[in-house]
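>>> next come a sequence and a model predicted from it.
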Amino acid sequence: MERGLSSQSRLILTGLGALLVSAAASSVAGIYLGSVSELLALIPGLMVLLPSIIDMRGNIAGVFASRLSSAMHLGEFSIEFQEGCVLGDNIRASFAITILIAFVLGISAYAGSTLFGLPVVGITDLVLISVISGVVSGLVVMGITLVIVLVSYRYDLDLDMIGAPTVTTSGDLVTLPILVLSATFVMLLPPSIRLALGGIAVAVAVAAILYTRRRPEGVGPIVRENISLLIPLSVFGTLAGLTYSLNLEDLVTFAAFLILIPPFMGILGSIGGILGCRLSTGMHTGELNPSFLPERSVVHHFIISYLYTLILLPLLALIAHGAAVLMGLNSPGLGMLVIVSLAAGLVVMTLVNGVAYVTASLSFRYGLDPDNFGVPVITSLIDLIGAAALVTAIGLLL
């Protein structure tokens, strides 16, 4: 019993340590977002694209880490990169998915902006921004994730507890500045060059599809199963971006909220990712049953999620307020930031607990891999309901 309690405490503290690092890094991304608030208005449609491309970057890397974590627990993982091996196939599949999803996100952001009557740059420009930033940030985040995977394997760490926070934070920290730089780079190019690069982006997407179709085993099934989920989920990220864009004036007025958005979403996504990975691994190993009602051991994971939320969200509010004050930006006050973040965060986490369990249970029960569904569904849901909850809390409490 003592060994069991010690093991549980070690897991909880491992997760908390990873989340604290994630909180600090995500706050850096938030401070950067607050500093480029004027650019969001200068490149119409960029704010609509921002949540979805950050979310998808974390989703793809999160699935990559989750699948490898389950492979480690099942004894199927090895450090081999050739085709037919777990690690090599997942790396190739993740890169193909990155290209295809980035292409779809650019089209989705343009369509959403047009549908809601928001100003937006041309579809070629937005797709090009999405593909360039998606591929560049994807390579960086995939490299970081691979390092975490290999370190976890070498030192016998539980990848479930550190994978999701690490890749989510990497997605926030890396993708945001790369997106801004890519947007600036693209918009400074002559129209003819942009059009030519747009054609190349289409060719690269077609090549990714053909490569996948010619790999009926290994890479092919991973890409098809993920794409079938990630493309519909990209709509959630676009809706989240539209939610922020429709309230952009209020967010810019109190720029502390802009600083809060990336760490708020990142931490909730990391907590949800840990939950999803633990549920997936538990079902793979037979420790958890996909029953209609959650077992006591599942409720234990829910409680840990709430504990992380209550510890970390006030810390994020403190960082956002302090950064706003130091940068000379407006803030509604530390107390109000804490109340808004906690009110919105607890609502989001309650919904996430339920969705995480239902997603893992249904996917496992119907013969699908919950590793492919848990992290993307959770983080995409957090993007949408997190944006709605945060904006609603701001409107009700201010």
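Nice, I can see it.

>>> how about stretch 79-99: buried residues?
Judged by neighbour count (16 or more other CB atoms under 10 Å), stretch 79-99 contains these buried residues: 85-99. All C-beta spots, glycine's among them, are computed from the backbone N, C-alpha and C.

>>> any residues touching it, and which ones?
Counting by CB atoms under 8 Å, 6 or more residues apart in numbering, the neighbours of stretch 79-99 from elsewhere in the structure are 57, 60-61, 63-64, 67-68, 71, 76-78, 131, 134-135, 138-139, 142, 146, 149-150, 153, 204-205, 208, 211-212, 215, 217-219, 222-223, 226-227, 230.

>>> just for the stretch 151-300 of the chain, where's the confidence low?
By pLDDT under 70, the weakly predicted segments of the stretch 151-300 of the chain are 158, 160-165, 168, 172, 216, 248-253.

>>> change it to 90
151-181, 183-184, 187-188, 191, 208-300 (pLDDT under 90).

>>> quick one, helices of it?
When assigned using DSSP state H, counting those that start in this stretch, the helices of the stretch 151-300 of the chain occupy the ranges 159-188, 191-213, 219-246, 248-253, 255-285, 296-327.

>>> which stretch among these comes nearest L118?
Proximity to L118 (CB to CB) singles out helix 219-246 among those, at 5.7 Å.

>>> could you list every helix and strand in contact with the closest one?
Judged by 3 or more CB pairs under 8 Å, 6 or more residues apart in numbering; DSSP states H and E, the packing partners of helix 219-246 are helix 46-73, helix 86-115, helix 191-213, helix 370-397.

>>> just those: most buried one?
Among those, the stretch with the highest mean neighbour count (mean count of other CB atoms under 10 Å) is helix 46-73, at a mean of 28.

>>> and the angle from it to helix 370-397?
Between helix 46-73 and helix 370-397, the angle comes out at 140 degrees (axes from the mean of the first three to the mean of the last three CA atoms, to 10 degrees).

>>> how far does helix 46-73 sit from the chain's center?
In terms of CA atoms, centre = their mean, to the nearest Å, the centre of helix 46-73 is found 5 Å from the chain centre.

>>> try stretch 330-340
With CA atoms, centre = their mean as the basis, stretch 330-340 stands 25 Å off its chain's centre.

>>> buried residues, it. List them.
By neighbour count with 16+ other CB under 10 Å, stretch 330-340 contains the buried residues 331-332, 334, 336-340.

>>> so which of these sit within helices?
With helices defined by DSSP state H, the entries of those inside them are 334, 336-340.

>>> residues touching the residue lying closest to F103 once chain neighbours are set aside, list them.
On the basis of CB to CB, 6 or more residues apart in numbering, the spatially nearest residue to F103 that is not a chain neighbour turns out to be A205, at 4.4 Å. A205 is in contact with 99-100, 103, 131, counting by CB under 8 Å, 6+ apart.

>>> what's the farthest-apart pair in those residues?
In these, the most distant members under the criterion CB to CB are L100 and V131, with 9.9 Å between them.

>>> I'd like to know how many residues surround L13.
Using other CB atoms under 10 Å, L13 has 11 neighbouring residues.

>>> which element is it on?
Secondary-structure assignment from DSSP states H and E places L13 in helix 2-35.

>>> chain center to that helix: distance?
With CA atoms, centre = their mean as the basis, the mean position of helix 2-35 lies at 15 Å from the chain mean.

>>> export the buried residues of stretch 330-340 to JSON lines and tack on pLDDT and distance to I193?
Formatted as JSON lines, the entries for the buried residues of stretch 330-340 read as follows, by pLDDT from 0 to 100; distance: CB to CB, whole Å:
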{"residue": "S331", "pLDDT": "83", "distance to I193": "42"}
{"residue": "P332", "pLDDT": "85", "distance to I193": "44"}
{"residue": "L334", "pLDDT": "89", "distance to I193": "47"}
{"residue": "M336", "pLDDT": "89", "distance to I193": "47"}
{"residue": "L337", "pLDDT": "89", "distance to I193": "43"}
{"residue": "V338", "pLDDT": "92", "distance to I193": "48"}
{"residue": "I339", "pLDDT": "92", "distance to I193": "49"}
{"residue": "V340", "pLDDT": "90", "distance to I193": "44"}
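
>>> include distance to I107 when you put those residues into a markdown table, please.
Rendered in a markdown table, the data for the buried residues of stretch 330-340 read as follows (distance: CB to CB, whole Å):
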| residue | distance to I107 |
| --- | --- |
| S331 | 36 |
| P332 | 36 |
| L334 | 41 |
| M336 | 38 |
| L337 | 35 |
| V338 | 39 |
| I339 | 38 |
| V340 | 33 |
